[in-house]
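> I'll drop the sequence and a predicted model, then ask my questions.
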Amino acid sequence: MEILGSRTILRPADYERTLAFYRDILGLAISREYPGGTVFFAGQGLIEVAAHGGSPQGERGSFDGALWLQVRDLTAAQTELVLTGVPIVRGAQQEPWGLHEMWIEDPDGIPIVLVEVPEDHPIRRDQRPTP
């Protein structure tokens, strides 16, 4: 199977509230809009917020997984989010696997992990054997 692209599709309980969160609070750029939905750029991936098929208003926690968004400066991202009133679920810290992570949630309770990859982390290096 050849995969040409991918995106995460969210079907929120309140489309306008979730749209405002990703567009205005996180500041994601819009890739495209269509009747009933908006697709955002999220680094090398896409996040689509669809206006149909969501959980009833107020129902939270039906999403199994998390969105993983890499940022350049986690401390700056945390400060920006705090200043805009976004609750921090778990503050920025270095994980045992070497990444710096912080957790927030979108308006429907979908976990979002913001990640800073340190300069010396293996993700930043070519792991292929040297010829």
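Structure received.
> Could I get the full set of helices for the protein?
Ranges of helices in the chain, per DSSP state H, are 15-20, 74-83.
> next one: the shortest one to chain centre, how far?
Read it as helix 15-20. 14 Å (C-alpha atoms, centre = their mean, to the nearest Å).
> The longest one now?
Counting by C-alpha atoms, centre = their mean, helix 74-83 is centred 14 Å from the centre of its parent chain.
> Show me the shaky parts of this protein.
Where the chain drops to pLDDT under 70, the residues are 1-5, 52-64, 126-127.
> Please enumerate the strands of it.
Ranges of strands in the chain, per DSSP state E, are 8-10, 30-34, 37-42, 45-50, 67-70, 90-94, 100-105, 111-116.
> among those strands, which is nearest T18?
Closest to T18 of the strands of the chain is strand 45-50 (C-beta to C-beta; 5.4 Å). Just so you know, the C-beta spots here come from the backbone N, C-alpha and C atoms, and that holds for glycine as well.
> if we can go back for a sec, now the strands of the chain as CSV including distance to Y22 and mean neighbour count?
What follows is the strands of the chain, written out as CSV (distance: least, C-beta to C-beta, whole Å; neighbours: other C-beta atoms under 10 Å):
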stretch, distance to Y22, mean neighbour count
strand 8-10, 8, 17
strand 30-34, 9, 12
strand 37-42, 5, 18
strand 45-50, 6, 19
strand 67-70, 10, 17
strand 90-94, 20, 12
strand 100-105, 12, 19
strand 111-116, 10, 18
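> Adding distance to F21, write those out as a markdown table.
Supplementary listing: the strands of the chain in a markdown table, determined by distance: least, C-beta to C-beta, whole Å:
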| stretch | distance to F21 |
| --- | --- |
| strand 8-10 | 10 |
| strand 30-34 | 14 |
| strand 37-42 | 11 |
| strand 45-50 | 9 |
| strand 67-70 | 12 |
| strand 90-94 | 18 |
| strand 100-105 | 10 |
| strand 111-116 | 10 |
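> Let me know which of the ones you listed is the nearest to L83.
With C-beta to C-beta as the measure, strand 100-105 is the member of the strands of the chain nearest L83 (13.4 Å).
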